[in-house]
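A.B. asks: predicted model, plus sequence, below.
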Amino acid sequence: MKNKQLRIMLYLTILSVISFLLMYIMEIPILSLVGMPGFEFLKYDLSEVVAIVAGFIFGPVAGMIVIGLKSILFFFSGKNTTGWVGLAASLTAGLSLVAGATILYRIKQTRINLFIGVIIGALALTVLMLIFNYFIFLPLYGIEANAFWITGLAAFNILKGILSGVFSVILYELLKKRVETFLNK
């Protein structure tokens, strides 16, 4: 039993570092790429993909641990330009996406629940980030929450949720059997 717990802890540590490295190395201002200027600070990275896969494999709490460790590592990496507010926003976004995407699948592990979970995760991310940005994060940055900001934030978060969800399902399907074999040794 302890050996399996140790393997899971080791796996989550490795996934957290991979998630951090993906965030550190590759940030893409996706709204600029799709013709929405003014939101260059909103950058997409693949770090949540790793956390969602961890959530599919080990459960929602494991995915949330990956989000937490990745966010803390990034905050102290020297690359964080948004301070504590950015850390809080990153945690809120990641936790809502991972929880939304993985809870249903944890309850009943079917392929349809995998896809429904990803949709729920994208919607949870978008709705919660709109609420948190409107009432907390934008005011902390001294930005007035108007239609321009709300539209851009909604577009970014739904795009982020969908991309992360699709990539997560693909990666999970590729790794599922290997990870199960590794864990059951």
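C.D. replies: Looks like it came in fine.
A.B. asks: where does this protein have low pLDDT?
C.D. replies: Within the chain, the segments meeting pLDDT under 70 span 1, 185.
A.B. asks: which residue is nearest the middle of it?
C.D. replies: residue 48 (3.0 Å; C-alpha atoms, centre = their mean).
A.B. asks: so that residue sits in a helix?
C.D. replies: Yes. Residue state for residue 48 (DSSP: H, G, I helix; E, B strand; the rest coil) corresponds to a helix.
A.B. asks: so what's the residue count around residue 144?
C.D. replies: 8 (other C-beta atoms under 10 Å). C-beta: built from backbone N, CA, C; applies to glycine.
A.B. asks: one more: residue 25?
C.D. replies: Neighbours of residue 25 using other C-beta under 10 Å come to 11.
A.B. asks: with residue 4 instead?
C.D. replies: That count, for residue 4 with other C-beta under 10 Å as the rule, works out to 11.
A.B. asks: that one reaches residue 11, doesn't it?
C.D. replies: No. Taking contacts as C-beta atoms under 8 Å, residue 4 lies outside contact range of residue 11: 10.4 Å.
A.B. asks: re earlier: the residue nearest to the centre of the chain against residue 91, yeah?
C.D. replies: No. Look at residue 48 against residue 91 with C-beta under 8 Å: they stay out of range, at 11.5 Å.
A.B. asks: can you pull out the helices in this protein?
C.D. replies: 2-25, 30-33, 47-58, 60-75, 83-107, 111-132, 138-140, 147-183 (DSSP state H).
A.B. asks: can you tell me what sits against the third one?
C.D. replies: So the one you mean is helix 47-58. 8, 11-12, 15, 18-20, 22-23, 62-67, 70, 93-94, 97-99, 101-102, 105-106, 114, 118, 121, 160, 164-165, 167-168, 171-172, 175-176, 179 (C-beta atoms under 8 Å, 6 or more residues apart in numbering).
A.B. asks: if we can go back for a sec, redo the helices of the chain as CSV? Include distance to residue 39.
C.D. replies: Putting the helices of the chain into CSV (distance: least, C-beta to C-beta, whole Å) gives the following:
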stretch, distance to residue 39
helix 2-25, 18
helix 30-33, 4
helix 47-58, 18
helix 60-75, 19
helix 83-107, 14
helix 111-132, 13
helix 138-140, 12
helix 147-183, 5
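A.B. asks: what's the most buried one of these?
C.D. replies: Comparing those by mean neighbour count (mean count of other C-beta atoms under 10 Å), helix 47-58 comes out on top with a mean of 28.
A.B. asks: what's the angle from that one to helix 60-75?
C.D. replies: Put simply, helix 47-58 runs at 150 degrees to helix 60-75, going by axes from the mean of the first three to the mean of the last three C-alpha atoms, to 10 degrees.
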